[in-house]
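Novice: I'll drop the sequence and a predicted model, then ask my questions.
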Protein chains: 2
Amino acid sequence: MRVLILGGDGYLGWPTALRFSGTGHEVTVVDNFARRRWHLDAGTDSLTPIVSLDERLSAWREVSGRTIEAQIGDIAEGTFVADVVRDVQPDTIIHYGEQPSAPFSMQSVDHAVLTQQSNVIGTLKLLWAIREHVPDAHLVKLGTMGEYGTPNIDIEEGFIDIEHKGRRDRLPFPKLPGSLYHCSKVHDSTNLHFACRVWGLRATDLNQGVVYGIETDETKLDERLMTRFDYDQTFGTALNRFCVQAMIGHPLTVYGLGGQTRGFLNILDTLRCVELTAENPAEPGEFRVFNQFTESFTVGELAEKVRHAGGELGVEVTVEHLANPRVELEEHYYNPVHTKLPSLGLEPTLLSETLIESVLHGIERYKHRIIAEGIDPSTQWRQAPVAQPAK
Amino acid sequence: MRVLILGGDGYLGWPTALRFSGTGHEVTVVDNFARRRWHLDAGTDSLTPIVSLDERLSAWREVSGRTIEAQIGDIAEGTFVADVVRDVQPDTIIHYGEQPSAPFSMQSVDHAVLTQQSNVIGTLKLLWAIREHVPDAHLVKLGTMGEYGTPNIDIEEGFIDIEHKGRRDRLPFPKLPGSLYHCSKVHDSTNLHFACRVWGLRATDLNQGVVYGIETDETKLDERLMTRFDYDQTFGTALNRFCVQAMIGHPLTVYGLGGQTRGFLNILDTLRCVELTAENPAEPGEFRVFNQFTESFTVGELAEKVRHAGGELGVEVTVEHLANPRVELEEHYYNPVHTKLPSLGLEPTLLSETLIESVLHGIERYKHRIIAEGIDPSTQWRQAPVAQPAK
């Protein structure tokens, strides 16, 4: 099939492009290099030395004999995304093309506006372009488990059957997003649902957990094919960041008590989930939501696992509880359903000590590139710093 | 108190400004004249001949001896709204400053983008400005009953107690917005809720029904004080539009079967609801939602009422069922709770035949100004026109 991948130069977008190209699909990637620019602005960088998109594409041609097309531009600007959709005529659109960081969105009013504008307006223009040019295409949109927050009931996959005052309906699952970035993803879901209900589009919202891992089958084939790996306070996520901290003797920075429970998945499973979703598209008019993670941990448990794996490699790792820069419950109920992707065939790659050790080994190789200054959090969710928690 | 009214040149914003100024509050209005511009672009106009904002303000000074301040600008642009909030230091902010039309938002991708950008980014900038400059101010935000759509259960006021798999929580009421405009209001509600939960702001979301009526106690005082009255396909709402159609011998245009039930309220009650809300602010950190309407009718019932009232005035009125340009259920359950505003003291002005007759009389006076071409709907929710319904 013809596959259009928005955000195809990113941590997940690039390996996804390689996977779909490697399995015989016609792939076009779209990117505006926003992530590379934001790193330049902040003085941070990917741990892994990534080459330019042009070099990546040439390397892939050399290694695989296959061609990935690229279109450079911003989906929120002008008619760019409509032009691309019209020209490419994709069967499947995989949409990673958003500002993906919660701390980024909380840094200032300009960061908040940039986040909601890029994400919501970009996706709205995409929906309209699909309606105009490829109304039968299947949109696979990356959402986040963070849209749900931590309600005191089991989290269902997108919709919940509610019985209320003797009547019943199946309605969108209520959302409690934890940052203005997470709010933007909720807005996207509302717009997607509308476009499916009213225009008859077909879309799957992948409410993804926290992804970890440094390589995929395809990125391993050649050093020029490796994907980015972020560990800074803005774009680094818990497990990847902990692994980098372990390797440079920096205490693992656990925010608050560390009792926050989140869903996690391996980057290999992200690719498999997106593949399974694309192979089993939503029906016309259908808005599906899959909760895309494989297991849940508390942040404290994750830190403990990294400490232990480090120990096995002879690295001494300590854990530091920082005042939580975020506003979130540090002890809460968390039991999200995640059966739809397994029912399509997902066989999870669970987090093992060996797996953490392999990430630590991967980091070891680029240890000299680590910019330690970018790791500790400086963005506060509230203006006044939150008091240091009791330990 | 110091009251800042965004959209203070509009149908509801202007009478609200007069009411708060008349009751002794220090009022500043903000507007960018977007509604006046959109009418110019479309070749439509208010039924009532409204004077410029400057003339309105002078007339009010003359009539009441009181001064309303004005700041002209776009809250979604630059630092305008932050500057105004910083300078005015309001105790209460009443936010009508949004693109308020569902058909407008469905007209083209540019109209959809303008709607979500103005509304969501404007409100996001406002929230950040409140956080920075007046964190204790009470935000009174106009939402819409259309955020909820027509679920098959009773609609609560913003939140619903859900029991699910043996556990309970009180969560945001699920939303099924019916246009990209309605989606923008859902996005706003999500951002407002976040700002209250995380920043401790205080806000009341007024999910308003369809407003009808042509004058208030203050707009009646002088012809230069009258408010706008829209009846065109884009900004006119059901009852006001029907009354204009009746007076020019145009059939009342009921969309589809006319079984769509909606909540309605008189413009006098809008003012009273906003007053009651401002006088009884939300607590710090509290996000309240009030369902702001006084009674429900089907669109068909409304048309029948107007037909009957017209008959009493000797005007023969016919009803025409047009193919519904919208995508909405034409027969559905509808039972929204609306007890919070009455419990604060709202005494509804219900829709009576006398009241419709008085609106018809009000219209009679400006009958010569009616632009009949702008009334019939041309914006389709779906690309292909929807089939004519069975009658």
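Specialist: Nice, I can see it.

Novice: A:Tyr334 contacts A:Phe293, doesn't it?
Specialist: No. A:Tyr334 is beyond contact range of A:Phe293, at 11.2 Å (criterion: Cβ atoms under 8 Å). To be clear about C-beta, it is placed using only N, CA and C from the backbone, and glycine gets the same treatment.

Novice: Looking at the two, which has the bigger crowd around it?
Specialist: Regarding A:Tyr334 and A:Phe293, a neighbour count based on other Cβ atoms under 10 Å in any protein chain shown identifies A:Phe293 as having more, with 24 against 20.

Novice: got the contact list for that one?
Specialist: Neighbouring residues of A:Phe293 by Cβ atoms under 8 Å, 6 or more residues apart in numbering or on different chains: A:Met145, A:Gln208, A:Gly209, A:Val210, A:Gly263, A:Phe264, A:Leu265, A:Pro336, A:His338.

Novice: Look up the pLDDT of it for me, please.
Specialist: If you check A:Phe293, the pLDDT there is 98.

Novice: cool, and the one 5 residues further on?
Specialist: A:Thr298 is assigned 96 on the pLDDT scale.

Novice: State the distance from it to B:Trp381.
Specialist: Noted for A:Thr298: a distance of 46 Å to B:Trp381, by Cβ to Cβ, to the nearest Å.

Novice: could you pull out the strands for chain A?
Specialist: Assigned by DSSP state E, the strands in chain A fall at A:2-6, A:26-31, A:69-72, A:92-95, A:138-144, A:159-164, A:167-172, A:202-208, A:210-212, A:252-255, A:261-266, A:287-292, A:295-298, A:319-322.

Novice: Number of residues surrounding the closest residue to chain B within the stretch 251-391 of chain A?
Specialist: Nearest residue of the stretch 251-391 of chain A to chain B: A:Val327, at 4.5 Å (Cβ to the nearest Cβ). A:Val327: 17 surrounding residues under other Cβ under 10 Å.

Novice: That one is in contact with B:Cys196, isn't it?
Specialist: No. Contact criterion Cβ under 8 Å: A:Val327 and B:Cys196 do not qualify, at 11.4 Å.

Novice: partner residues bridging A:Thr92?
Specialist: On the basis of DSSP bridges, A:Thr92 is bridged to A:Val3, A:His138.

Novice: so what's A:Ala42 up against?
Specialist: By Cβ under 8 Å, 6+ apart, the residues touching A:Ala42 are A:Asp232, A:Thr234, A:Gly374.

Novice: one more time with 10 Å, if that's ok
Specialist: Neighbouring residues of A:Ala42 by Cβ atoms under 10 Å, 6 or more residues apart in numbering or on different chains: A:Phe104, A:Gln107, A:Asp232, A:Gln233, A:Thr234, A:Phe235, A:Ile371, A:Gly374.

Novice: Check A:Leu4 too.
Specialist: By Cβ under 10 Å, 6+ apart, A:Leu4 lies in contact with A:26-30, A:69, A:71, A:81, A:84-85, A:87-95, A:126, A:134, A:137, A:139.

Novice: Can I get stretch A:273-293 in PDB? Just the C-alpha atoms.
Specialist: Presented in PDB, the C-alpha positions along stretch A:273-293 are these (Å, rounded to 0.1, in the frame of the first residue of the first chain):
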ATOM      1  CA  CYS A 273       1.300  -2.100  16.800                       C
ATOM      2  CA  VAL A 274       1.400   0.400  14.000                       C
ATOM      3  CA  GLU A 275       1.900  -2.400  11.400                       C
ATOM      4  CA  LEU A 276      -1.000  -4.400  12.900                       C
ATOM      5  CA  THR A 277      -3.200  -1.300  12.900                       C
ATOM      6  CA  ALA A 278      -2.400  -0.500   9.300                       C
ATOM      7  CA  GLU A 279      -3.000  -4.100   8.200                       C
ATOM      8  CA  ASN A 280      -6.400  -4.100  10.000                       C
ATOM      9  CA  PRO A 281      -7.900  -0.700   9.100                       C
ATOM     10  CA  ALA A 282     -10.900   0.900  10.800                       C
ATOM     11  CA  GLU A 283     -14.200   0.700   8.800                       C
ATOM     12  CA  PRO A 284     -15.400   3.800   7.000                       C
ATOM     13  CA  GLY A 285     -16.900   6.200   9.600                       C
ATOM     14  CA  GLU A 286     -15.300   4.300  12.400                       C
ATOM     15  CA  PHE A 287     -13.100   6.000  15.100                       C
ATOM     16  CA  ARG A 288     -11.200   3.300  17.000                       C
ATOM     17  CA  VAL A 289      -9.000   3.800  20.000                       C
ATOM     18  CA  PHE A 290      -6.300   1.400  21.000                       C
ATOM     19  CA  ASN A 291      -4.400   1.700  24.200                       C
ATOM     20  CA  GLN A 292      -0.900   1.000  23.000                       C
ATOM     21  CA  PHE A 293       1.300  -0.200  25.800                       C
END
